[in-house]
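here is a sequence together with a model predicted from it:
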Amino acid sequence: MSSHGPAIPMTSHPVRGLTGTAHVPGDKSISHRALILGALAVGETRITDLLEGEDVLRTAQAMRAFGAEVTDHGGGSWSVHGVGVGGFAEPEDVVDCGNSGTGVRLIIGAMATSPITATFTGDASLRSRPMGRVTDPIALFGARAVGRAGGRLPLTVTGAADPLPVRYRVPMPSAQVKSAVLLAGLNAPGDTVVIEAEATRDHTERMLAGFGATVSVETTPEGRVITLTGQPELKPQTIAVPRDPSSAAFPVCAALITEGSDVLVPNIGLNPTRAGLYETLIEMGADLVYENPREVGGEPVADLRARFSPALKGIDVPPERAASMIDEYPILSVVAACAEGTTRMTGVKELRVKESDRIDAMARGLEANGVTVEEGEDWWAVHGRGPGGTPGGGTVAARLDHRIAMSFLCLGMAARKPVKVDDAGPIATSFPVFEPLMTALGARLQGPDR
């Protein structure tokens, strides 16, 4: 059973030749941040190409609950009339963030330095995920949080009435935690400083500066040091959201492993803190080309052309690359299954606490489809079967995880036998047009009523 209603099983059949242009949705990370910072600005922020998946729509609904006026004008065009830094109202009801770990953690940070109380919940997957990584640093500002054992949702947060600026070293590579602390620092006087040992996606820093906050970033011997000056008046912006590199990963990787494929995926955001998958694929021998590189709204963008790549080889993915591709390891594992040799992924303990335990989910799913996998607490290795060598024929438990579901549906396109996913419903959280987009390229996806 899915949190989105009854389970929606889906079967992906082997095909030859995915071809065409894949217009993937807007970037999820940037969409969340555009809504939240728009709500904290004074005036109207206009957003185009917003990702209209369930995760982002939950954030839009939450910003309304905190007093911002959020309007959907259709076709991915939205406006947000903000309430200003420190202007959040107290929600009248529980804030339900659905499946979105990014949404709930960033919103908790954004409200943690306002003297209001809010209760947060989510679906079964989100309620199982740890929130202490955010509630611990917001306590330093003076906020209080009470939740279930392990700091899990439902969680009630009372913001600090007299917040203090903090200096915080992020204990694990996490853009969500870093961003939550920076958003909390907006309504604290003085400078809030965040230190991260490994660089994570920097959309928050870029967008804060775009909205008029004073933000500096310095690389020092102790790590990447981000300093934010609190209590700015954020100025409304016009934001064109680039297309999501994490969503682009699915048509790109499906094309690389499916014989006869040639797929163009235009307007993809290629922020260096997000592009680790594409660097890894090229090292594996992928026929992947960046066309028309340019800059849009301060973010590097290009069109990606992916062609079937029969010469893919397994590699050791360096652990320091994990932060720049943490959401892409499931689909990378599918590519690894279709490569020659072994692909080893290390330094990825964070995957144990994503929407599901993604290491275990991928290992069990690949094994069900004839692929040998080894795993440890923070690593796993996929022994590739070579192009066209994956048996398929298995049924995979998606575990309420959109990326697990999409990854195995892509595997079914290149395997010898169909691959079935027990519930494709969660795909709507991040990629609501996945099925028609992939079908238009030539995929054969069969749902329960077909």
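Looks like it came in fine.

and Y290, how far from L126?
35 Å (Cβ to Cβ, to the nearest Å). From N, CA and C alone the C-beta is placed, and that goes for glycine too.

between the two, which has more neighbouring residues?
A side-by-side neighbour count of Y290 and L126, using other Cβ atoms under 10 Å, places L126 first with 25 against 16.

for that one, what are its contacts?
97-101, 104, 153, 355 (Cβ atoms under 8 Å, 6 or more residues apart in numbering).

which residue in the residues you listed has the weakest pLDDT?
On pLDDT alone, E355 ranks lowest of those, at 74.

now stretch 136-144: mean pLDDT?
Stretch 136-144 comes out at a mean pLDDT of 98.

which parts of that stretch are buried?
Buried residues in stretch 136-144, counted by 16 or more other Cβ atoms under 10 Å: 137-138, 140-143.

where does pLDDT dip in the protein?
Scanning the chain for pLDDT under 70 picks out 1-4, 297, 449-450.

domain parsing for it?
Domain assignment of the chain by automatic domain parsing yields the ranges 10-25+242-446, 28-229.

so which of the ones you listed is nearest P236?
Judged by Cβ to Cβ, the one of these that comes nearest to P236 is domain 28-229, at 3.9 Å.

can you map out the helices along the stretch 51-200 of the chain?
Applying DSSP state H, counting those that start in this stretch to the stretch 51-200 of the chain gives helices spanning 54-65, 101-111, 124-127, 132-141, 175-185.

dump the C-alpha coordinates for the second one into CSV.
To tie it back to what came earlier, the one meant is helix 101-111. What follows is helix 101-111 as a C-alpha-only set of coordinates in CSV (Å, rounded to 0.1, in the frame of the first residue of the first chain):
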residue,chain,number,x,y,z
GLY,A,101,12.5,15.3,3.5
THR,A,102,13.8,18.4,1.8
GLY,A,103,10.6,20.3,2.4
VAL,A,104,10.1,19.5,6.0
ARG,A,105,13.7,20.1,7.0
LEU,A,106,14.0,23.4,5.2
ILE,A,107,10.6,24.7,6.5
ILE,A,108,11.6,23.7,10.1
GLY,A,109,14.7,25.8,9.7
ALA,A,110,12.9,28.7,8.2
MET,A,111,10.4,29.0,11.1
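
which elements pack onto it?
helix 28-40, helix 54-65, strand 117-121, helix 132-141, strand 152-158, helix 175-185 (3 or more Cβ pairs under 8 Å, 6 or more residues apart in numbering; DSSP states H and E).

out of the ones you listed, flag the one nearest M406.
So among those, helix 28-40 is nearest, using Cβ to Cβ, at 13.2 Å.

could the contacts of L126 be laid out in CSV, adding neighbour count and distance to G67?
Listed next are the contacts of L126 as CSV, based on neighbours: other Cβ atoms under 10 Å; distance: Cβ to Cβ, whole Å:
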residue, neighbour count, distance to G67
C97, 25, 17
G98, 25, 20
N99, 28, 24
S100, 28, 20
G101, 20, 24
V104, 29, 18
L153, 22, 22
E355, 25, 29
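
which of the buried residues of stretch 136-144 lies closest to A363?
Looking across those and measuring by Cβ to Cβ, the closest to A363 is P137, at 32.2 Å.

pull up the gap between the closest one and T219, please.
Distance of P137 to T219, computed by Cβ to Cβ: 22 Å.

how about the strands in the stretch 201-350 of the chain?
215-220, 223-229, 238-240, 262-269, 287-296, 299-307, 316-317, 342-346 (DSSP state E, counting those that start in this stretch).

out of these, nearest to E69?
strand 238-240 (16.6 Å).

so which bits of the closest one are buried?
So, applying 16+ other Cβ under 10 Å, buried residues of strand 238-240: 239-240.

got it, and stretch 334-346?
334-340, 342-346.

which residues in the stretch 351-450 of the chain form helices?
Under DSSP H, counting those that start in this stretch, the stretch 351-450 of the chain gives helices at 358-368, 402-414, 434-441.

buried deepest among those, which one?
Most buried of the helices of the stretch 351-450 of the chain by mean neighbour count (mean count of other Cβ atoms under 10 Å) is helix 402-414; its value is a mean of 29.
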